[in-house]
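J.: heads up, no residue letters with this:
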């Protein structure tokens with residue numbers, strides 16, 4: 001039985017970082033806000049992505065550091081990882097952060113409804129809950145339904161032991177042999193986890209290098225580092241099929257016109273993510289909603305994140321583009337300000353990308369290939385982190401800081417960092433680009449010694 005209509009200023013469909021940050025922004029502006037989430041608050045990032053993965057990585061890195069501690073005088077024996085304990089820790093971290101989000105919703109008087117939201121019209125949302133359905137009326141609707149793992153049509157991808165990242169994060173036992181299909185961010189982070197834990201790991205990537213969307217030198221460096229740790233990496237390799245054999249799962253792929261085969265106890269398909277619009281539009285939806293402009297599954301939006309339906313906005317992964325939690329959060333806040341008739345000056349065109357491998361990777365702005373393709377004359381400065389004292393102390397792998405500046409104005413245009421704490425330090429370059437700082441402006445800063453950030457000062461110096 002359908003309940004009576006309830007009127008809201010904003011209905012947000014999706015409770016991930018984009019959705020709940022938008023709801024908080026709206027509530028702070030005095031808008032009556034309802035948040036609809038079919039699963040757990042926090043979305044993919046908190047429950048099945050960023051936070052769980054980094055929790056596993058933290059333990060794996062500690063294990064590797066202790067296990068290889070001889071050269072720094074750290075002696076240990078019988079070191080092992082308890083997957084039961086690690087999974088309990090992961091659950092603890094996720095639950096604590098999830099409760100934090102719920103507390104924010106409560107303190108800001110945001111109504112949270114657990115159920116699947118369907119867009120019926122530009123100002124009407126239907127929510128299917130465990131108790132029945134509700135019809136919500138809202139002046140504005142924000143779609144923040146995120147994304148789900150993409151699974152290419154590989155014969156055998158449905159075999160037992162073949163996972164996407166969602167299922168793989170729930171495994172309570174380690175595999176002795178892991179094969180990863182996909183050399184992007186997700187694949188490289190899982191390769192780091194398994195290689196740190198001393199497990200046999202292989203990667204099959206269709207493009208000519210791993211991390212193909214980043215600066216070429218980053219992919220080349222990471223490939224050398226991972227190979228040194230025993231990871232078997234195949235690039236320019238197309239997977240043809242997966243089979244079950246007596247020797248475990250077999251992945252047959254073609255590399256340089258040669259058919260090859262690799263065996264594993266489990267296969268992780270990490271071939272990216274696709275926008276999630278399942279159940280968003282149904283037969284009950286109006287003609288206007290059914291005509292919502294989309295392209296290859298993603299919802300198209302304008303510069304203010306408004307869709308082809310006036311009053312209906314979309315942000316984050318569901319719109320394609322950069323699929324990062326912090327991008328969705330910034331977009332959500334901007335879209336909400338727009339609904340309130342105001343402007344929030346956030347540089348959503350300047351989103352730092354982070355990869356939590358070891359060494360970490362942080363990138364923002366232009367890289368050398370992009371600058372060249374656009375005909376932009378640049379100055380390129382590079383500092384090898386092997387000369388950095390803190391890097392030597394921590395026994396970090398080979399890394400670098402690369403900075404691109406406009407040749408004439410010397411304004412910072414981009415930076416690529418591959419070093420310890422890169423994901424924390426990349427924001428210094430984001431701030432520099434956003435505020436039009438030059439190489440000389442950054443050179444004026446005194447960086448403490450010995451620190452990883454000291455490398456930034458060295459990189460921008462003449």
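T.: Received, thanks. Keep in mind it's a predicted model, so treat the numbers as computed, not measured.

J.: residue 290: how many residues sit nearby?
T.: 11 (other CB atoms under 10 Å). Where you see a C-beta, it was placed from the backbone N, CA and C, and this is true even at glycine.

J.: residues contacting it?
T.: residue 281 (CB atoms under 8 Å, 6 or more residues apart in numbering).

J.: what sits against the residue nearest the centre of the chain?
T.: Nearest to the geometric centre of the chain sits residue 324, at 4.4 Å (CA atoms, centre = their mean). Residues near residue 324 by CB under 8 Å, 6+ apart: 351, 353-354.

J.: check contacts around the nearest residue to residue 437 once chain neighbours are set aside.
T.: Once flanking residues are discounted, residue 437 sits nearest to residue 412: 5.6 Å by CB to CB, 6 or more residues apart in numbering. For residue 412, the contact set (CB under 8 Å, 6+ apart) comprises 365, 403-405, 429, 432-433, 437-439, 442.

J.: neighbour-wise, which one of those leads?
T.: Highest count within those by other CB under 10 Å belongs to residue 429, 29 neighbours.

J.: do you know the pLDDT at that one?
T.: At residue 429, the model reports a pLDDT of 98.

J.: and residue 170, by the same measure?
T.: Value listed for residue 170 in the pLDDT field: 89.

J.: and if you look at residue 457?
T.: Per the predicted model, pLDDT is 96 at residue 457.

J.: then the one 3 residues further on?
T.: Residue 460 carries a pLDDT value of 96.

J.: show me the shaky parts of the protein.
T.: Low-confidence segments of the chain, defined by pLDDT under 70: 1-6, 462.

J.: list the neighbouring strands of the lengthiest strand in it plus their orientation.
T.: Looking across the chain with DSSP state E, the single longest strand is strand 132-143. Partners of strand 132-143 in the sheet, by DSSP bridges, are strand 6-13 (parallel), strand 124-129 (antiparallel), strand 312-314 (parallel).

J.: now do the contacts for residue 207.
T.: Residue 207 neighbours (CB under 8 Å, 6+ apart): 183, 235-236.

J.: repeat the analysis, applying 7 Å as the threshold.
T.: residue 235 (CB atoms under 7 Å, 6 or more residues apart in numbering).

J.: from residue 191, how far off is it?
T.: 15 Å (CB to CB, to the nearest Å).

J.: kindly report the same for residue 59.
T.: 16 Å.

J.: looking at the two, which is more packed in?
T.: Neighbours of residue 59 and residue 191, each counted by other CB under 10 Å, are more numerous for residue 191; the result is 27 against 19.

J.: and that one, how close does it get to residue 355?
T.: On the measure of CB to CB, residue 191 and residue 355 end up 11 Å apart.

J.: next: residue 97.
T.: Counting by CB to CB - residue 97 and residue 355 are separated by 21 Å.

J.: ok, the two, which is more surrounded?
T.: residue 355 (22 against 16).

J.: wait, that one sits on residue 363?
T.: No - using CB atoms under 7 Å, residue 355 is not in contact with residue 363; the gap is 8.4 Å.

J.: where exactly do the strands run in the stretch 351-462 of the chain?
T.: Listed in chain order, the strands of the stretch 351-462 of the chain (DSSP state E, counting those that start in this stretch) span 353-355, 361-365, 378-384, 400-406, 412-418.

J.: pick the most deeply packed of those strands.
T.: strand 412-418 (a mean of 28; mean count of other CB atoms under 10 Å).
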